[in-house]
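**Student:** For reference, the sequence and a predicted model appear below.
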2 protein chains.
Amino acid sequence: GYSQLPRQVHGLAGAPEWPAIKAMLPDMTDRRVVDLGCGFGWASRYLRGAGAQSVLGLDVSQNMIERARADTNDAAIEYRIADLETLELPQGAFDFAFSALTFHYIRDFDRLVRMIHAALTPGAQFVFTIEHPIFMAATQPRWLPEEDGHKTWPVNCYALEGERRTNWFASGVLKYHRTMATTLNTLVGTGFALREIREFAPTRAQIAEMPDLAEELERPMMLLVSAGR
Amino acid sequence: GYSQLPRQVHGLAGAPEWPAIKAMLPDMTDRRVVDLGCGFGWASRYLRGAGAQSVLGLDVSQNMIERARADTNDAAIEYRIADLETLELPQGAFDFAFSALTFHYIRDFDRLVRMIHAALTPGAQFVFTIEHPIFMAATQPRWLPEEDGHKTWPVNCYALEGERRTNWFASGVLKYHRTMATTLNTLVGTGFALREIREFAPTRAQIAEMPDLAEELERPMMLLVSAGR
């Protein structure tokens, strides 16, 4: 099941996009960090180890928060159960916000981004990853064989934002498709300055080590965003 | 052929994305404008009519520049034959830069964006449209039937940037695929602030008038970008 995925078992080392995320992170020294959708706490612990003054890890799953607490021996990391759809954080209380593969489960992205903006100090940075809208859009996402040997990813319904249900470990998992434009314009409209985006693609070295990763060159599965407040 | 396309015959009224572009344009009053890839001059004339002090329209096609000159009776609009791959403009000479569906023919986007940045005054805006990377990426771009009745657009080779040859009026037309990340990061890295992107999708009213436009909901064909210097 889900908890047996390489990234759940091996943490950051099991996530091929982690080196790309790491390259987008600012210096963590003395930052007060919030990790939105912290899961088992892998990133929370990394960010603290990289110099953060404190980390608040939030996740809607009681199971994950319990595992995160059990795996962490550091009084400067706090884990809390929280629903990002309704979460309120104190204003100006954080110097860095992080989130990995969580926001595509959130219905009201606009509300969440405004809340995060208010919770950050001026000059703070915000780095997050989501499933890429190209990956999310189609009614039946799956690889199709292409005549020339490439694998092809189908895109349809791209402009039709909203619910997408997929069968991923559990059947009918509910996600929310938003276009690239909606995602980026929501950030800019809230007052964030876009610093960099990445559409994760594996390096040659990664493909040499894990040949299955080559298919990630065909279409981007993940969108990585860095924005400044 | 190409010159019989609705947008070439009817100008802006023949381009369904034009209302979306218009909504991204700043007040043109007294702006010195450069129109990069002006074609027959439709946008150059519109921008001058909207209040621009002057418009310099540039295109690599002698045929188009001659038609643009013949169709324009306004001393404040100048048309010149120019290759955007090597074009140099005077520094700080323009208050607004515009380009429609041209940059995907340009090999060296980075050089061009740096040159445009230097040619603009501080506070100037830059609005352009290109073929969307989702539209451009695949080795064999064409509609595929989907089992549930949707049309599907194939995406592959997304991370593999570079030449794409398609048969569009002429065979083997050469275009350059760049990812969304490369396009936006080039702007930000050059010093532009991203203001808004749009991935053109038709409105209900447009679909009611032209039912064929409905397929543009399935995948974005055009990317519209607004950036500030």
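**Tutor:** Nice, I can see it. In this text the structure is predicted, and so the values were computed from the model without any measurement.
**Student:** can you pull the pLDDT of the residue most central in space within chain A?
**Tutor:** Of all residues in chain A, the one closest to the mean position by Cα atoms, centre = their mean is A:Ala100, 2.3 Å from it. We have a pLDDT of 98 for A:Ala100.
**Student:** Phi and psi next, for it.
**Tutor:** Note on A:Ala100: its backbone torsions stand at phi -120, psi 120 [degrees, to the nearest 10].
**Student:** which non-adjacent residue is nearest it?
**Tutor:** Leaving aside its sequence neighbours, A:Ala100 sits nearest to A:Thr129 (Cβ to Cβ, 6 or more residues apart in numbering or on different chains; 5.0 Å). No exception for glycine: its C-beta is placed from N, CA and C like everyone else's.
**Student:** Need the three-state assignment for the one you found.
**Tutor:** Following DSSP: H, G, I helix; E, B strand; the rest coil, the label given to A:Thr129 is strand.
**Student:** what sits opposite it in the beta ladder?
**Tutor:** As for beta bridges, A:Thr129 partners with A:Ala100, A:Leu224 under DSSP bridges.
**Student:** what residue ranges in chain A score low on pLDDT?
**Tutor:** For chain A, applying pLDDT under 70 flags the ranges A:1, A:167-169.
**Student:** Tell me the residues of it that contact chain B?
**Tutor:** Residues of chain A found near chain B (Cβ under 8 Å from any Cβ of the partner chain) are A:134, A:137-140, A:144, A:146-148, A:150-160, A:179-181, A:184-185, A:188, A:193-199, A:201, A:216-220.
**Student:** circling back to that earlier point, quick one: the residue nearest to the centre of chain A from chain B, how far?
**Tutor:** 18 Å (Cβ to the nearest Cβ, to the nearest Å).
**Student:** mind checking how far A:Gly41 is from chain B?
**Tutor:** Relative to chain B, and taking Cβ to the nearest Cβ, A:Gly41 is found at 29 Å.
**Student:** Let's verify the residue nearest to that residue when sequence neighbours are not counted: helix, strand, or coil?
**Tutor:** Leaving out its chain neighbours, the residue that sits closest to A:Gly41 by Cβ to Cβ, 6+ apart is A:Ala68, at 3.3 Å. Secondary structure assignment for A:Ala68 (three-state DSSP): helix.
**Student:** Surely A:Ala68 is in contact with A:Asp59?
**Tutor:** Yes - counting by Cβ atoms under 8 Å, A:Ala68 sits close enough to A:Asp59 to count as a contact (7.3 Å).
**Student:** Now for those two: what residues contact both?
**Tutor:** A:38-39, A:79 (Cβ atoms under 8 Å, 6 or more residues apart in numbering or on different chains).
**Student:** who wins for most neighbours among those?
**Tutor:** A:Cys38 (29 neighbours; other Cβ atoms under 10 Å in any protein chain shown).
**Student:** Can you tell me the element it falls in?
**Tutor:** Using DSSP states H and E, A:Cys38 falls within no helix or strand.
**Student:** check contacts around it.
**Tutor:** Per Cβ under 8 Å, 6+ apart, neighbours of A:Cys38: A:44, A:57-59, A:64-65, A:68, A:79.
**Student:** mind checking how far it is from chain B?
**Tutor:** Counting by Cβ to the nearest Cβ - A:Cys38 and chain B are separated by 26 Å.
**Student:** Could you do A:Gly191 as well?
**Tutor:** According to Cβ to the nearest Cβ, A:Gly191 stands 12 Å off from chain B.
**Student:** what residues are up against that residue?
**Tutor:** A:117, A:229.
**Student:** What segments of chain A are strands?
**Tutor:** Along chain A, the segments classed as strands by DSSP state E run A:32-36, A:54-59, A:77-81, A:94-100, A:120-131, A:144-145, A:151-155, A:162-168, A:170-177, A:193-199, A:222-228.
**Student:** Test my guess that A:Met24 contacts A:Leu223.
**Tutor:** No - under the criterion of Cβ under 8 Å, A:Met24 is not in contact with A:Leu223, lying 11.8 Å apart.
**Student:** which one of those two has more residues nearby?
**Tutor:** Set A:Met24 next to A:Leu223 and count neighbours by other Cβ under 10 Å: A:Leu223 wins out with 25 against 17.
**Student:** Go ahead and confirm the more buried one touches A:Glu131.
**Tutor:** Yes - here A:Leu223 lies in contact with A:Glu131, judged by Cβ under 8 Å, at a distance of 7.5 Å.
**Student:** ok, back up a step: got the contact list for the residue nearest to A:Ala100?
**Tutor:** By Cβ under 8 Å, 6+ apart, the residues touching A:Thr129 are A:17, A:21, A:99-101, A:200, A:222-225.
**Student:** Between A:Met24 and A:Leu223, which contacts overlap?
**Tutor:** Shared contacts of A:Met24 and A:Leu223, defined by Cβ under 8 Å, 6+ apart, comprise A:Arg198.
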